[in-house]
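# the sequence and its predicted three-dimensional model are supplied below.
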Amino acid sequence: MLALSQPAFVLHSRAYRETSALVDFLTPQGRLRAVLRGARGKAGTLARPFVPLEAEFRGRGELKNVARLEAGGIPNLLSGEALFSGLYLNELLIRLLPAEDPHPAVFEHYALTLQALAQGRALEPLLRAFEWRLLDELGYGFALDTDRHGQAVVAGGLYRLQIDAGLEPVGQLQPGVFQGADLLAMAQADWSAAGALAAAKRLMRQALAPHLGGRPLVSRELFMTLKEPPRD
């Protein structure tokens, strides 16, 4: 099978046999799993998360072989909360993105998000935008400015999310509902609106939960541990 060069990022890597690694890559052609031979050499030093790569893969089955791996750009140097945010993005892609299902828009948005994280941009808007784009690309998206009946969201209204259907108007305040004003701010990506970011975080958790199979995200737990105040 002809090996074609394409841009790639490492999502996850683990030791495989004596000197190889089993690596999950994100490419414009989707998420690929491949064996990287000689992982303790030069190729292994490149096979790190957040490094833009140029890669060639061989093989017809689900498990490919890395035929070539070279640096494809400037590494995105992430640390602290930005590092955990990057790991969160990687885990989302591994858990949600089907193998070998092309999503070039997801790849492009991921690369831009890594650059923004490396530049020290505010984390929460970047994460919410990535979650939203990923859900939309996978066919799980829904409108934020109209409800499931096609009616415009009203700023003073209350709504709850019905998975696979959209926003349902509700008559009274209850756990898990959203203010119409917050939903409209999200639709415009207006993060200056009070409460919009917190509401967006709740909304994305609700929207992602059914697609994560009930298993918690390891990166989210690590991030929460990082943010916990030290104990006496």
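Okay, I see it. Numbers count the residues shown, from 1 in each chain.
# Tyr16 and Ala129: what is the separation?
Tyr16 is 34 Å from Ala129, where distance means CB to CB, to the nearest Å. Quick note: C-beta positions are derived from backbone N, CA and C, even for glycine.
# quick one: which of those two has more around it?
Ala129 (18 against 14; other CB atoms under 10 Å).
# list the contacts of that one.
Contact analysis of Ala129 by CB atoms under 8 Å, 6 or more residues apart in numbering lists His109, Thr113, Ala189.
# relative to Ala181, which of those is nearest.
The closest of these to Ala181 turns out to be Ala189 (CB to CB; 14.5 Å).
# quick one, phi/psi of the closest one?
Backbone torsions for Ala189, taken as degrees, to the nearest 10, come to phi 50, psi 40.
# same check on Ala200?
phi -60, psi -40.
# quick one: pLDDT of it?
Looking at Ala200, its pLDDT stands at 96.
# same check on Ser5?
As predicted, Ser5 sits at a pLDDT of 83.
# just give me the neighbour total for it.
Ser5, neighbours per other CB under 10 Å, totals 13.
# I'd say it and Val66 touch.
No. Contact criterion CB atoms under 8 Å: Ser5 and Val66 do not qualify, at 11.7 Å.
# name the residues contacting each of those two.
Taking CB under 8 Å, 6+ apart as the criterion, Ser5 and Val66 both touch Ala55, Glu56.
# thinking again about what came up before, just the buried members of the contacts of Ala129?
Neighbour counting with 16 or more other CB atoms under 10 Å marks His109, Thr113 as buried within the contacts of Ala129.
# just the helices in this protein please.
42-46, 80-96, 104-118, 123-137, 180-187, 196-208, 218-227 (DSSP state H).
# quick one: contacts for the spatially closest residue to Arg31 that is not a sequence neighbour?
What sits nearest to Arg31 in space, not counting adjacent residues and going by CB to CB, 6 or more residues apart in numbering, is Leu97, at 4.6 Å. With contact taken as CB under 8 Å, 6+ apart, Leu97 is in contact with Leu26, Gly30, Arg31, His103, Val106, Leu134, Leu138.
# let's see 10 Å
By CB atoms under 10 Å, 6 or more residues apart in numbering, the contact set of Leu97 is Leu11, Asp24, Leu26, Gly30, Arg31, His103, Val106, Phe107, Leu134, Glu137, Leu138.
# export these to CSV and tack on distance to Asp145 and neighbour count?
Shown next, in CSV, are the contacts of Leu97 (distance: CB to CB, whole Å; neighbours: other CB atoms under 10 Å):
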residue, distance to Asp145, neighbour count
Leu11, 33, 23
Asp24, 36, 19
Leu26, 30, 26
Gly30, 31, 18
Arg31, 31, 21
His103, 25, 22
Val106, 23, 23
Phe107, 27, 22
Leu134, 20, 24
Glu137, 19, 17
Leu138, 21, 15
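# dump those residues to TSV, plus pLDDT.
Below are the contacts of Leu97 laid out as TSV (pLDDT from 0 to 100):
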residue	pLDDT
Leu11	96
Asp24	95
Leu26	97
Gly30	93
Arg31	95
His103	96
Val106	97
Phe107	97
Leu134	96
Glu137	95
Leu138	94
